[in-house]
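Peer 1: Fold the following for me, if possible:
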Amino acid sequence: MKKILLSLFSVAMVFTCLHAQTITEFHYDNAGADVDEFVEVIIPADGCSYSLEFYNGSNGTEYNTVAVPACTSPTMDICGSGSAGCIIAIPVTGIQNGGSDGFALVQDCGGTITVIEFLSYEGTLTPVEGAASGMLSTDVGASETSNTPVGSSITVTNGVGEVTPIATPGDCPDAPLSVSLSNFAVTSVAGSVLLEWSTENEINNNFFSIQHSVDGRNFSELITVEGAGTTSTKSVYNYAHKDVVSGVNYYRLEQVDFDGRSSFTEIKSITIKSSNAVTVLPTLVAQDLNIRLAENLTIDTPINVFDITGQLVLESVINKDNNSQQIDAAELTSGTYFLILNVDGEIHSTKFMKL
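Peer 2: So this is what the prediction gives:
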């Protein structure tokens, strides 16, 4: 066991070593298999040695120790830290992904052992052995699962983590995005789709872009919703999409900072059933499209036609004194279209094909 030196030399060594060290990024899980796992750190060229100690959250034991290569060619003001150092990505095999697992960046300066940073994911832990024995970890608040896209990672700033879609081992990570969603849900309400989301706090949040798709791949923007800028209080948002189509509708949010940086939420889907209250003939149309309603109207009803990407391409109106309308579809290009009617406050949708 290495002893703690009490000489003036070793005490001075501690003060000169403790600067510019931090854990900046890590990756421990993949969709399907654990590949390309790593932990990225910034360390100075100070003559001290560094290592990573990995801990099991279920029993607090240390299951792996990996040496950090020495910083031999330091960069001035490395990653904006204000100190000279190196950013190093250390490949690690078998990083555990259970609840409350974690790892510590440990410094050895002439036999004086110091835990520089002790992080965990999916909860906190207190090890029973190793350099971090008896210490409480800092939960980064982010985790990777089997559903996390391949090639992602968790970037860390001041102990706070964020899942990023592209891992950048060995490169200075961007600052974490300013908004973390605590909820995002889509529900069907009276023929419309209600989108609801909330944030616990926001920094530099300009707006949210609400995006819609009918195939889950090609998205178009419906509307933008102004963000709260910078706030430490919970913010709640909602938007009702009324021009929904029959079948599966896909939604996602893009959060955009004032500096232009952005991130996407996961994609949510919801199925909207068609109604027999509206008949559209023929379903394979060359020119005239005939629309008939099963019931009489109380107000004029707009007709909106959308293409497969969700773009509005044709508009018309059914007069309240009539229950049918013919529209000219001759100018539409060949393909699939969705016709949406708001009949006395209830959304009806149907699909047709332009020949």
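
Peer 1: hey, where'd the strands end up in the stretch 101-250 of the chain?
Peer 2: 101-109, 112-121, 138-139, 153-157, 160-164, 179-189, 192-213, 220-231, 235-241, 247-257 (DSSP state E, counting those that start in this stretch).

Peer 1: Compute the inter-axis angle for the fourth one and strand 112-121.
Peer 2: Taking axes from the mean of the first three to the mean of the last three Cα atoms, to 10 degrees, one finds that strand 153-157 is oriented at 120 degrees with respect to strand 112-121.

Peer 1: Kindly report the domain assignment for this protein.
Peer 2: Structural domains annotated on the chain: 8-164, 179-272, 278-354, as defined by automatic domain parsing.

Peer 1: Look up how far Phe38 lies from the spatially most central residue of the chain.
Peer 2: Among the residues of the chain, the smallest C-alpha distance to the mean C-alpha position (Cα atoms, centre = their mean) belongs to Thr265, namely 4.5 Å. According to Cβ to Cβ, to the nearest Å, Thr265 and Phe38 sit 26 Å apart. Any C-beta I mention is one placed from the backbone N, CA and C, and that applies to glycine too.

Peer 1: pLDDT averaged over stretch 139-146 - what is it?
Peer 2: This predicted structure assigns stretch 139-146 an average pLDDT of 83.

Peer 1: list the buried ones in it?
Peer 2: 139-140, 142-144 (16 or more other Cβ atoms under 10 Å).

Peer 1: same thing with stretch 143-163?
Peer 2: In terms of neighbour count (16+ other Cβ under 10 Å), stretch 143-163 has its buried residues at 143-144, 148, 152-156, 161-163.

Peer 1: and if you look at stretch 255-269?
Peer 2: Using 16+ other Cβ under 10 Å as the test for burial, stretch 255-269 gives 255-257, 263, 268.

Peer 1: Give me the lowest-pLDDT entry from those residues.
Peer 2: Ser263 (76).

Peer 1: now the host helix or strand of that residue: how far from the chain's centre is it?
Peer 2: Using DSSP states H and E, the secondary-structure element containing Ser263 is strand 262-264. Using Cα atoms, centre = their mean, to the nearest Å, we find the averaged C-alpha position of strand 262-264 to lie 7 Å away from the chain's own average C-alpha position.

Peer 1: what does that strand contact?
Peer 2: Taking Cβ atoms under 8 Å, 6 or more residues apart in numbering as the criterion, the residues outside strand 262-264 that touch it are 165, 177, 252-256.

Peer 1: about what we covered before: how about JSON lines for the strands of the stretch 101-250 of the chain, with distance to Asp300 added?
Peer 2: Formatted as JSON lines, the strands of the stretch 101-250 of the chain follow (distance: least, Cβ to Cβ, whole Å):
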{"stretch": "strand 101-109", "distance to Asp300": "62"}
{"stretch": "strand 112-121", "distance to Asp300": "56"}
{"stretch": "strand 138-139", "distance to Asp300": "57"}
{"stretch": "strand 153-157", "distance to Asp300": "53"}
{"stretch": "strand 160-164", "distance to Asp300": "48"}
{"stretch": "strand 179-189", "distance to Asp300": "23"}
{"stretch": "strand 192-213", "distance to Asp300": "19"}
{"stretch": "strand 220-231", "distance to Asp300": "24"}
{"stretch": "strand 235-241", "distance to Asp300": "21"}
{"stretch": "strand 247-257", "distance to Asp300": "26"}
